[in-house]
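Novice: Requesting a structural model of the entry that follows:
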Amino acid sequence: MKLEDLKGFDWYNEPENVIFNGGFMTIIPKSETDFWQSKGHDFAKDNGHFFYKTTSSGFTMVAHWSFADAGNFKQCGVMLRKDCENWFKVSLMCQNAANPEIGHCLSAGGNADWAVVPLLKAPTALWYKIVRQGNDCLCFYSADGVYFVKLRQFYLEGRNIQAGVYICNPGKDNFQAVLENISFI
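Specialist: Below you'll find the model as predicted:
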């Protein structure tokens, strides 16, 4: 990934610590950050870090993250966003590294759901792919960047959608992840 490949991207809640080195972007998120909505529980968190570009057409986005510690709901994955109440995110999202899970959430009108797919072992890298055609979206993940497993099909209405990668750390302990690649086709 070259720095010029990232032209046209913007930050929502830019992190304080981003290091671009050797074609990779290392990001250290602030603690107590997340993207979550629950009007029924009167809870909203919209302070995670999101690196995105705005698109009005269909696309295929692929992103590759590597990381060391994935427990305590630390997250680095991909996100589509219309606004703070309407978005989709997917990442390794597990309570502890001994029970790794891919978590995916869709917030519609300020109410987020949460579904998980258990993994056999804790990965240190994951690839994500989202395909959007009109308002219909397909989400995939991969452990090797070759074989992608379909996680979910969902609907996210909006002419101008922000699409990119996100990282957050709902806890207080340290976390960092490396964005190795992001591409749009």
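Novice: count of neighbours near the residue lying closest to L92 once chain neighbours are set aside?
Specialist: Of all residues not flanking L92 in the chain, A70 sits nearest, at 4.8 Å (CB to CB, 6 or more residues apart in numbering). Backbone N, C-alpha and C define where each C-beta goes, glycine included. Per other CB atoms under 10 Å, the neighbour tally for A70 reads 24.
Novice: For this structure, give me the ranges with low pLDDT.
Specialist: 3, 41 (pLDDT under 70).
Novice: hmm, try it at 80
Specialist: 1-5, 39-42, 69-71, 95-97 (pLDDT under 80).
Novice: what sits against the closest residue in space to G145 that isn't next to it in sequence?
Specialist: Nearest residue to G145 in three dimensions, chain neighbours excluded: W127, at 4.5 Å (CB to CB, 6+ apart). W127 makes contact with V62, A63, H64, W65, Y141, S142, A143, D144, G145, F148, according to CB atoms under 8 Å, 6 or more residues apart in numbering.
Novice: Point me to the helix or strand that includes the spatially closest residue to the last one that is not a sequence neighbour.
Specialist: Yep, that's F148 we're talking about. Using CB to CB, 6+ apart and skipping residues adjacent in sequence, the residue nearest F148 is F140, 3.9 Å away. For F140, the element it lies in under DSSP states H and E is strand 136-142.
Novice: Tell me the strands beside that strand, with direction?
Specialist: strand 125-133 (antiparallel), strand 149-155 (antiparallel) (DSSP bridges).
Novice: Quick one: the helices in the chain, in order.
Specialist: For the chain, helices defined by DSSP state H do not occur.
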